[in-house]
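In: I'll drop the sequence and a predicted model, then ask my questions.
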Amino acid sequence: MRLRLIPREQRFFDLFAEDAANVLGGARLLEAMLRTYDQPEARAAEIRATEHRGDEISHDIGHRLEATFVTPFDREDIYALISALDDVLDFVEEAADTFVLYRIEAPTATAVEQAAIIVKQVELLHDALTHLKGFKGLDRYWIEVHRLENEGDRIARAAIAALFVDEKDPVNLVKWKDIYGLLEATIDKAEDVANIIERITIKHA
């Protein structure tokens, strides 16, 4: 048996994929919540539980970082990656809670479309992190995440512009402007994760 003097901790890659899978679970719950909109409170509670699970995974990665001498790539990039994944899930949770808090009777087609974009982005991020170990062939993932962010930006702008024309109730206008803004911010956070994956890949290419 060959003894490696400085073992490189490979378990990190599994944990990144697990973390992304958990974020994806939260994003899918949000989309399902808006598509059916039958039990928004129960869905929001499920998303909150997913967010707590994400915190546990992040803490696990943090503990491993402290205990590992040689990491698979730069520590600051690992911290940035798990922090950005946390941010996506935090925003998903906040968006779900806002629907409940604002007592939204039914989501708009735009909100459903935004939630679907978030799911597509996180599916790509999960795929990318599943294949991160080789640091190769990942550009197609971040390119598509960027394209989806541009699409999300266009949808949000059009929806907010339409609100100021069509919405006569100022309270409703504020509510929907907030919700569209939150969903758009979630899409932006997913793009942040893609940017970090790109940075890591380029460093190790």
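Out: Ah, there it is. Values in this document were obtained by computation on a predicted structure and should not be read as measured data.
In: OK, contacts around the residue nearest the centre of the chain?
Out: Computing the C-alpha centroid of the chain and ranking residues by Cα atoms, centre = their mean puts residue 88 first, at 3.3 Å. Residue 88 sits next to 23, 27, 118, 122, 186, 189-190, 193 when contact means Cβ atoms under 8 Å, 6 or more residues apart in numbering. The way it works is simple: take the backbone N, C-alpha and C, and place the C-beta from them, glycine included.
In: what of residue 131?
Out: Counting by Cβ under 8 Å, 6+ apart, residue 131 makes contact with 137-138.
In: switch to 10 Å and redo it
Out: 13, 17, 137-138, 141 (Cβ atoms under 10 Å, 6 or more residues apart in numbering).
In: which of those residues count as buried?
Out: Buried members of those, scored by 16 or more other Cβ atoms under 10 Å, are 13, 17, 138, 141.
In: let me know the closest of these to residue 96.
Out: Set against residue 96, the nearest of these by Cβ to Cβ is residue 17 (23.7 Å).
In: now the helices: where do they sit in this structure?
Out: Applying DSSP state H to the chain gives helices spanning 11-36, 40-67, 75-101, 109-130, 139-166, 170-204.
In: residues touching the closest residue to residue 133 other than its chain neighbours, list them.
Out: What sits nearest to residue 133 in space, not counting adjacent residues and going by Cβ to Cβ, 6 or more residues apart in numbering, is residue 13, at 4.9 Å. For residue 13, the contacting residues are 72, 129-134, by Cβ under 10 Å, 6+ apart.
In: ok, residue 13 to residue 22 distance?
Out: Residue 13 is 15 Å from residue 22, where distance means Cβ to Cβ, to the nearest Å.
In: per-residue confidence for residue 3?
Out: On pLDDT, residue 3 comes in at 46.
In: same check on residue 12?
Out: Residue 12 is assigned a pLDDT of 88 by the prediction.
In: please apply the same query to residue 194.
Out: In this model, residue 194 is scored at 98, pLDDT.
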